[in-house]
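Novice: Structure here, sequence nowhere to be found:
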């Protein structure tokens, strides 16, 4: 009896293994793109575009499955074994964590143009219709009569860009210093009545609950909210200076090599840089990196000065250590006095 | 030689299964948690669990959970009493409603409660005019935890109450006991063990609750951050050691509390049966 059971389970395991290993030998190829929260609609369109192009080029069909969630949570899932062929996350810090886990080389960012960011965004303000509090620039956010809504940068990767944008402006304003920036950011977060754990939560707080006078948001999200709610509900205000939000894309070498999907996965990432994909990104309110496409959409994206994390903060590793690690500048804002 | 036979067969097999099942479902994952927290060393462990923000979050989590469990302890008895002892239209509907907090995804509960209790909400607006702020305060945390804990007390007390014959109360009354005396001396002792279980379950459930609370809490450091949120915060920095350290302390505290309640329950069962 026991022997029969053992034999049966071996047979089942063998059959299951055969199924798994034969999965990618046919014409049908699947890739898993692990991404962050608000990119669902964008990548649905990009995935379809790539599948079409891949079919034309190779005659084979490819299906791209998507997974969405908070950027850091997604990176941890990949570290823990989620088989992502490519990752498209909200910040390089999360891809660096994958590199530290040995899933891809440390110089991953240099493998694709523009530090592996095919398109970018920036941080802007969403205010109520008619801008009743007359919020024009970062300086207005620390006025005592202004309530600011932004997620907690410690739980939301996307929200770290908001914080860094405020800091970058405060350092670069006339007479700005690092100490002045610390004071400015402290005063800004004192004006935040609710620290939601993610960007979508903050949008709900601002839009549905009517809390706060201004929401700090990625430009693509702010424009999307405005279009969805109608221009008579909210307005987008572009500050004088902001940060260039750079969501990176990367091949996960360890997974792609094991699954034999490297060629298709690399082709997918390169597709993101083609004019067609850049047009798609621009339609979804991401700023295209391709100069020709950017020129065509110049009217959609107001001009503003931007700085990068590398220029203003010496890269993500340093920004994380100084500002967001436990005991860092952000924690000090809330320390009991 | 005779082997002593148990009334029910299969003790050896079922005990083996119980131990295996408990190990796989409970002991193995929790051991991994403890090992992960131990990997960072005692110094870092201590630093992680004694940081002022973490201590503040423990205070809020345990305090709000206890308060919510006690609120449910009082009103859960009332709900169970009405459902068992009275016949009214829509009784079955109310009975089914009690279980809804179990079935609802916690994030939905959190968003709904926040909508209701925010200063723009149906309940939040009149409350705010009365000077009471619920959403984004510790009171909001208690509200969410009360909501998710409701079924526990009702569902543990209800069957005991059903088994309690109203004739016993009538006998007490005919022997001259007042209503208060009947409740205190006759009904309450019979309900006590089940009630303690219900309150404990509600409390334990509240300690680990994340989904519904993060929406209504506002998550302000030192004021409305619950301990599970700090666990997520640590994970977001890839600080697995720190996250597991906070979790292990919660786990140990809950385990000790549950153990103490078990003892208390055994004691009340003996005291009330003798």
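Specialist: Everything's here; your move. Just so we're clear, the structure is a prediction, and the values are computed from it rather than from any experiment.
Novice: contacts, neighbours, all on C-alpha from now
Specialist: Will do.
Novice: what residues are up against the residue in chain B positioned nearest to chain A?
Specialist: When scored by Cα to the nearest Cα, chain B has residue B:218 as its residue closest to chain A, at 4.5 Å. Residues in contact with residue B:218 (Cα atoms under 8 Å, 6 or more residues apart in numbering or on different chains) are A:193, A:194, A:195, A:196, B:135, B:136, B:137, B:224, B:225.
Novice: is it true that residue B:137 touches residue B:217?
Specialist: Yes: with contacts counted by Cα atoms under 8 Å, residue B:137 reaches residue B:217, the gap being 5.9 Å.
Novice: residues shared between the contacts of these two?
Specialist: With Cα under 8 Å, 6+ apart as the test, residue B:137 and residue B:217 both reach residue B:224.
Novice: With neighbour numbers in mind, choose between the two.
Specialist: residue B:217 (28 against 19; other Cα atoms under 10 Å in any protein chain shown).
Novice: Quick check: that one vs residue B:142, distance?
Specialist: Distance, residue B:217 to residue B:142, using Cα to Cα, to the nearest Å: 9 Å.
Novice: Residue A:268 now?
Specialist: 48 Å.
Novice: for residue A:68, same thing?
Specialist: In terms of Cα to Cα, residue A:68 sits 31 Å off from residue B:142.
Novice: The two: which is more packed in?
Specialist: residue B:142 (25 against 17).
Novice: which one is the more buried one nearest to, not counting chain neighbours?
Specialist: For residue B:142, ignoring the flanking residues on the chain, the nearest one in space by Cα to Cα, 6 or more residues apart in numbering or on different chains is residue B:64 at 5.1 Å.
Novice: correct me, but that neighbour touches residue B:140?
Specialist: No: with contact defined as Cα under 8 Å, residue B:64 does not count as touching residue B:140 (9.5 Å).
Novice: What's the local residue count around the residue of the stretch 151-300 of chain A at minimum distance from chain B?
Specialist: For the stretch 151-300 of chain A and chain B, the shortest gap (Cα to the nearest Cα) falls at residue A:194, measuring 4.5 Å. Neighbour count of residue A:194, defined by other Cα under 10 Å: 29.
Novice: Return the residues in contact with residue 69.
Specialist: As the question left the chain open, I've gone with chain A. Residue A:69 touches A:35, A:36, A:37, counting by Cα under 8 Å, 6+ apart.
Novice: um, chain B though
Specialist: With Cα under 8 Å, 6+ apart, residue B:69 has these contacts: B:145, B:146, B:149, B:199, B:200, B:202, B:203, B:206.
Novice: ok, so of the contacts of residue A:69, who is nearest chain B?
Specialist: Using Cα to the nearest Cα, these come closest to chain B at residue A:36, 13.5 Å.
Novice: if we can go back for a sec, helices - which of the contacts of residue B:69 land there?
Specialist: Counting by DSSP state H, the part of the contacts of residue B:69 found in helices is B:145, B:146, B:149, B:199, B:200, B:202, B:203, B:206.
Novice: any idea where the strands of chain A begin and end?
Specialist: Listed in chain order, the strands of chain A (DSSP state E) span residues A:29-36, A:62-69, A:86-88, A:119-128, A:148-149, A:214-218, A:234-237, A:241-245, A:249-251, A:287-288, A:305-307.
Novice: want to throw these into a markdown table with distance to residue B:266 and mean pLDDT?
Specialist: Output for these, formatted as a markdown table (distance: least, Cα to Cα, whole Å; pLDDT from 0 to 100):
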| stretch | distance to residue B:266 | mean pLDDT |
| --- | --- | --- |
| strand A:29-36 | 50 | 94 |
| strand A:62-69 | 46 | 92 |
| strand A:86-88 | 54 | 97 |
| strand A:119-128 | 59 | 96 |
| strand A:148-149 | 51 | 96 |
| strand A:214-218 | 55 | 96 |
| strand A:234-237 | 61 | 94 |
| strand A:241-245 | 60 | 96 |
| strand A:249-251 | 59 | 97 |
| strand A:287-288 | 66 | 96 |
| strand A:305-307 | 66 | 94 |
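Novice: Mean neighbour count, those strands: which tops it?
Specialist: Comparing the strands of chain A by mean neighbour count (mean count of other Cα atoms under 10 Å in any protein chain shown), strand A:287-288 comes out on top with a mean of 28.
Novice: contact partners of that one?
Specialist: With Cα under 8 Å, 6+ apart, strand A:287-288 has contacts from A:118, A:119, A:120, A:121, A:278, A:279, A:281, A:282, A:294, A:301.
Novice: What strands line up against that strand, and which way round?
Specialist: strand A:119-128 (antiparallel) (DSSP bridges).
Novice: got the angle for the partner strand vs strand A:241-245?
Specialist: 130 degrees (axes from the mean of the first three to the mean of the last three Cα atoms, to 10 degrees).
Novice: separation between residue B:44 and residue B:98?
Specialist: For residue B:44, the distance to residue B:98 - Cα to Cα - is 44 Å.
Novice: and if you look at residue B:186?
Specialist: Taken as Cα to Cα, the span from residue B:186 to residue B:98 is 26 Å.
Novice: now residue B:125
Specialist: 26 Å.
Novice: ditto for residue B:21
Specialist: 30 Å.
Novice: the more surrounded of those two?
Specialist: Legend: neighbour count by other Cα under 10 Å for residue B:21 and residue B:98, higher for residue B:98 (18 against 12).
Novice: Show me what the helix or strand harbouring residue B:19 is packed up against.
Specialist: Per DSSP states H and E, residue B:19 falls inside helix B:11-22. Counting contacts by 3 or more Cα pairs under 8 Å, 6 or more residues apart in numbering or on different chains; DSSP states H and E, helix B:11-22 is packed against no other helix or strand.
Novice: Report the rounded mean pLDDT for it.
Specialist: Regarding helix B:11-22, the rounded mean pLDDT is 86.
Novice: If you rank every helix and strand of chain A by mean pLDDT, what lands last?
Specialist: Least confident helix or strand of chain A, by mean pLDDT, DSSP states H and E, is helix A:2-21 with a mean of 43.
Novice: Would you mind naming what in the stretch 151-300 of chain A lies close to chain B?
Specialist: A:154, A:155, A:156, A:193, A:194, A:195, A:196, A:197, A:201, A:208, A:209, A:210 (Cα under 8 Å from any Cα of the partner chain).
Novice: ok, these vs residue A:184, which is closest?
Specialist: Residue A:184 has its nearest neighbour among those in residue A:193, at 16.5 Å by Cα to Cα.
Novice: what's the burial count for that closest one?
Specialist: 17.
Novice: Got the phi and psi for it?
Specialist: phi -80, psi -30 (degrees, to the nearest 10).
Novice: give the contact list for the closest residue to residue A:127 other than its chain neighbours.
Specialist: Leaving out its chain neighbours, the residue that sits closest to residue A:127 by Cα to Cα, 6+ apart is residue A:214, at 4.7 Å. Neighbouring residues of residue A:214 by Cα under 8 Å, 6+ apart: A:125, A:126, A:127, A:128, A:135, A:146, A:147, A:148, A:149, A:206.
Novice: could I get those as CSV with distance to residue B:129?
Specialist: As requested, the contacts of residue A:214 are exported to CSV (distance: Cα to Cα, whole Å):
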residue, distance to residue B:129
A:125, 30
A:126, 28
A:127, 25
A:128, 23
A:135, 28
A:146, 21
A:147, 20
A:148, 23
A:149, 23
A:206, 21
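Novice: if we can go back for a sec, what's the spacing between the helix holding residue B:19 and its chain's center?
Specialist: Distance of helix B:11-22 from the chain centroid (Cα atoms, centre = their mean, to the nearest Å) equals 27 Å.
Novice: which residues does the residue of the stretch 1-150 of chain A found nearest chain B contact?
Specialist: Closest to chain B within the stretch 1-150 of chain A is residue A:72: 5.5 Å, counting by Cα to the nearest Cα. By Cα under 8 Å, 6+ apart, residue A:72 lies in contact with A:94, A:156, A:157, B:236, B:237.
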